[in-house]
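K.L.:
here is a sequence together with a model predicted from it:
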Amino acid sequence: MANEILNVAIIDYGSGNLHSAAKAFERVAADFGGTVTVTDKPDDLAKASHIVLPGVGAYADCKAGLTAVDGMMDALQDQVINKAKPFLGICVGMQLMADWGREHGDTPGFGWIGGEVAAIAPADKGLKIPHMGWNALEITGDHPAFADLPAGAHTYFVHSYSFRTTDPAHVLATVDYGGPITAVIGRDNMIGTQFHPEKSQRVGLAFIRGYLEWRP
């Protein structure tokens, strides 16, 4: 990363665990002399080297909150799709990359990765929903963000809906919760985690480091 300026933009649209996410990214970015900006200003995405979209709550509410930030959707489309900057979606921020969210009706997503976000339906009816707590990743794809993750790395989840991709190749990791559930998706310059890196302790920080070192 020599001679490269690391500037992480974490998008603030009223739906995300912004404090803990910012602290986790700041901790890692400091090792590279980088900066982290929590922002609701679309122009800040043009200055960023990496763009992070967190999200907590219902799919439709998150989409509405993001749309309500004037110019943010256009800026995201331009910087992530046209400019191909490294993008990370976290939890609902990852789910919004889908074509559709099925929570409380049908809500269109970004359409960046084909698929839908639907209710978790484990084969074991005794399993509680939401899927909450620590679970072991089964990494099925190759990605620089996984470089320092140990086999069976445990990460922290809180969700009732999961991403079902149209193309299985876009699933980079799963977890077992009465059957496989998508834990990480990605293609090109985009990656998304259903787990919360900022709550996943050492594994989460290792994932963030791999993401920040990534140059797609």
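P.N.:
Arrived safely.

K.L.:
tell me the helix or strand right after the strand ranked longest in the chain.
P.N.:
When the chain is parsed with DSSP state E, its longest strand is strand 180-187. Scanning forward in sequence from strand 180-187 by DSSP states H and E, the next helix or strand is strand 190-193.

K.L.:
so which elements touch that following strand?
P.N.:
With contacts defined as 3 or more Cβ pairs under 8 Å, 6 or more residues apart in numbering; DSSP states H and E, strand 190-193 has these neighbours: strand 87-90, helix 92-95, strand 180-187. Just so you know, the C-beta spots here come from the backbone N, C-alpha and C atoms, and that holds for glycine as well.

K.L.:
pLDDT below threshold where in the protein?
P.N.:
For the chain, residues meeting the criterion pLDDT under 70 lie at 1-3, 16.

K.L.:
go with 80
P.N.:
Low-confidence segments of the chain (pLDDT under 80): 1-4, 15-17.

K.L.:
all strands for this protein, in order.
P.N.:
Using DSSP E, strands in the chain cover 7-11, 35-39, 50-53, 87-90, 100-101, 107-108, 115-119, 131-136, 138-139, 154-159, 161-165, 171-176, 180-187, 190-193.

K.L.:
possible to save the ones you listed as TSV with mean neighbour count and distance to Asp148?
P.N.:
Output for the strands of the chain, formatted as TSV (neighbours: other Cβ atoms under 10 Å; distance: least, Cβ to Cβ, whole Å):
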stretch	mean neighbour count	distance to Asp148
strand 7-11	24	18
strand 35-39	19	20
strand 50-53	25	17
strand 87-90	26	16
strand 100-101	20	32
strand 107-108	16	35
strand 115-119	18	28
strand 131-136	15	16
strand 138-139	15	12
strand 154-159	20	13
strand 161-165	21	24
strand 171-176	20	14
strand 180-187	22	15
strand 190-193	26	15
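
K.L.:
need those strands in CSV (columns: distance to Thr67).
P.N.:
Output for these, formatted as CSV (distance: least, Cβ to Cβ, whole Å):
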stretch, distance to Thr67
strand 7-11, 12
strand 35-39, 17
strand 50-53, 13
strand 87-90, 16
strand 100-101, 13
strand 107-108, 10
strand 115-119, 17
strand 131-136, 27
strand 138-139, 33
strand 154-159, 22
strand 161-165, 19
strand 171-176, 27
strand 180-187, 22
strand 190-193, 19
